[in-house]
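K.L.:
missing the sequence, but the structure's below:
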Ligand SMILES: Nc1ncnc2c1ncn2[C@@H]1O[C@H](COP(=O)(O)OP(=O)(O)O)[C@@H](O)[C@H]1O
Ligand SMILES: [Mg+2]
């Protein structure tokens, strides 16, 4: 059994009331104001005081966020709240105006592109609309990160075989030579997912993975995210505007509002959190919180 699912099984056995343990873990992990000890077994990524201004526009104003190792961490928030901008900082695509981002205890903010590449080897990403290269076949798309990061370790034949295996593990057969335009939306997402996990990352980032999908395809993608999390024991960071989906898959949910994290907790804690903007967001999401399917 994967480490993550073991831990989860343990949590389920303890029920939801295990708040003291969570607090104790937080304290032991160095949640003190000094910010000197940012390495933590439980938190793969720690964000402290992250700020980003574009010209006059303050998009992030001091984001503090812990990403739990081996769990599914969902970030919610209205359109334009800064979710994608925040995620781009976590993977080192943007440099902040102020603040720190610790990945396994190492602050990635001062790193140059060469050093960042080493950190990025831990990451896999699935962007909005899957962002496949239209002019490349499915095989070329999924192989792309291998060519970037594993060229010295693997032969082309080994890469092809691995691509085929990954596609099959996601239920895609004989699509290697097809182009993205020949596939359905749900299939394209799965190809994007195969590409994201092909290098066996420790952390998977998803930016609105279900945008543009119908409810059934959305549920399929949700199930895949949950399965990949369990099977590979990876840490997942998912940006979502879909509350039904958020509650279904999330172990931890955080809301970004006006450039700050204003609420954070398990889905059941989020459902009962009385932060006004969170309540408003939930009410407008169309999800009935009384009957919502909630991950425990
Ligand atoms: N490269 C950029 N230059 C200037 N403004 C940007 C840039 N990227 C994002 N923004 C602005 O930052 C705000 C947050 O954007 P984004 O993170 O994409 O929102 P969302 O929460 O919908 O993902 C928006 O107002 C957007 O226009
Ligand atoms: Mg976005």
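P.N.:
That came through fine. Every value quoted in this text rests on a predicted model; they were computed, and no experiment measured them. Ligands and ions are numbered 1, 2, ... in the order given.
K.L.:
count the residues that sit near the residue nearest to residue 131 when sequence neighbours are not counted.
P.N.:
Spatial nearest neighbour of residue 131, excluding adjacent residues (C-beta to C-beta, 6 or more residues apart in numbering): residue 192 at 7.0 Å. Bear in mind the C-beta positions are built from the backbone N, C-alpha and C, glycine included. Neighbour count of residue 192, defined by other C-beta atoms under 10 Å: 24.
K.L.:
contacts for the helix or strand hosting residue 192?
P.N.:
Per DSSP states H and E, residue 192 falls inside helix 185-197. In this structure, residues lying in contact with helix 185-197 by C-beta atoms under 8 Å, 6 or more residues apart in numbering are 124-127, 130-132, 138, 141-142, 144-145, 163, 166-167, 169-172, 175, 180, 183, 204, 206, 209-210, 212-213, 217, 220-221, 224, 228, 232, 234.
K.L.:
got it, and stretch 123-135?
P.N.:
Contacts of stretch 123-135 (C-beta under 8 Å, 6+ apart): 84, 91, 138, 140-141, 144-145, 179-181, 188-189, 191-193, 195-199, 201-209, 211-212, 234.
K.L.:
which of those count as buried?
P.N.:
Neighbour-count burial (16 or more other C-beta atoms under 10 Å) is assigned, among the contacts of stretch 123-135, to 84, 91, 138, 140-141, 144-145, 179-180, 188-189, 191-193, 195-199, 201-209, 211, 234.
K.L.:
now, which of these lie within helices?
P.N.:
If you go by DSSP state H, the buried ones among the contacts of stretch 123-135 have 84, 138, 140-141, 144-145, 188-189, 191-193, 195-197 in helices.
K.L.:
all strands of this protein, in order?
P.N.:
43-54, 57-68, 72-76, 98-103, 106-107, 123-126, 203-207, 235-239, 252-257, 260-265 (DSSP state E).
K.L.:
let's have those strands in TSV, adding mean pLDDT.
P.N.:
Listed next are those as TSV, based on pLDDT from 0 to 100:
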stretch	mean pLDDT
strand 43-54	97
strand 57-68	98
strand 72-76	97
strand 98-103	98
strand 106-107	96
strand 123-126	90
strand 203-207	95
strand 235-239	97
strand 252-257	96
strand 260-265	96
